[in-house]
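S.K.: dropping a prediction and its sequence here:
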Amino acid sequence: MRLIDKVWFAALLILMLQIPIVTDHYLQYLNGYVDATQAEVDHYQQLADTYDYASVSAMLIALKANEDPLVRDDAVHKQTVLQAHKDAQQALQTLRTSNYFEQFWYFAQPVQYPRLSQVLTFYQPSLPLQPQAIGSALATSLTLYLLLWLPVAWLRNRRKKQRQVFSH
């Protein structure tokens with residue numbers, strides 16, 4: 001049974017060591033996305049300036065009020081791109097300034113699963129080189145191991161003691 005304990009802990013540790021690596025991949029993905037959408041956002045601002053709108057938001061309001069459904073749909077698309085760009089910038093800021101546990105919590109949120117699954121399609125497991133990432137992964141693994149495995153070990157020992165009592 002001791003071998004199972006060690007394998008369980010090793011698996012947890014390897015899994016927890018992947019969080020900083022996934023974060024790096026995720027940041028690269030977000031940087032590419034922000035760079036790609038920045039060109040569109042800049043173009044929207046240029047259109048607003050060219051046609052004397054006070055802001056991109058004011059231009060989108062005017063476009064949504066247009067009678068042509070194509071123009072209205074395009075305005076909705078532009079608004080979606082602007083919001084996605086803003087969300088990606090906020091995610092970049094959050095992940096750049098967060099610690100290991102905050103990153104773990106960020107990825108645990110169901111709203112992140114679609115983008116995270118895209119990042120994971122190109123992911124190759126590896127080991128982080130930062131000492132703080134290794135220490136945090138070790139602490140998290142140990143905590144999870146104790147929280148998940150100790151109750152099992154306690155029940156196993158209790159049953160073993162009960163069997164010993166009944167066999168005597």
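M.R.: Right, received. Where do you want to start? Everything numeric here is computed off the predicted structure, so don't read it as measured data. Numbering: from 1, shown residues only.

S.K.: from here on, contacts and neighbour counts on C-alpha atoms
M.R.: Noted.

S.K.: what residue ranges in this protein score low on pLDDT?
M.R.: Low-confidence segments of the chain (pLDDT under 70): 1, 163-168.

S.K.: repeat that for 80
M.R.: 1-2, 5, 100, 149-150, 152-153, 156-168 (pLDDT under 80).

S.K.: strands of that one, start to end?
M.R.: Ranges of strands within the chain: none, based on DSSP state E.

S.K.: residues contacting the residue nearest the centre of it?
M.R.: Compute the mean C-alpha point of the chain, and by CA atoms, centre = their mean the closest residue is residue 107, 3.1 Å away. By CA atoms under 8 Å, 6 or more residues apart in numbering, the residues touching residue 107 are 113, 116.

S.K.: that one and residue 81: what is the separation?
M.R.: Going from residue 107 to residue 81 by CA to CA, to the nearest Å gives 22 Å.

S.K.: how about residue 45?
M.R.: Residue 45 sits at a distance of 13 Å from residue 81 (criterion: CA to CA).

S.K.: check residue 128 too.
M.R.: Residue 128 is 33 Å from residue 81, by CA to CA.

S.K.: what of residue 57?
M.R.: 12 Å.

S.K.: got it, and residue 47?
M.R.: From residue 47 across to residue 81, the span is 15 Å (CA to CA).

S.K.: cool, and residue 44?
M.R.: Residue 44 sits 10 Å away from residue 81, going by CA to CA.

S.K.: cool, and residue 64?
M.R.: Residue 64 sits 15 Å away from residue 81 when distances are taken as CA to CA.

S.K.: and residue 138, by the same measure?
M.R.: Here the criterion is CA to CA. By it, residue 138 lies 39 Å from residue 81.

S.K.: now residue 105
M.R.: Separation of residue 105 from residue 81 (CA to CA): 26 Å.

S.K.: try residue 33
M.R.: 11 Å.

S.K.: swap in residue 156?
M.R.: Applying CA to CA, the value for residue 156 to residue 81 is 55 Å.
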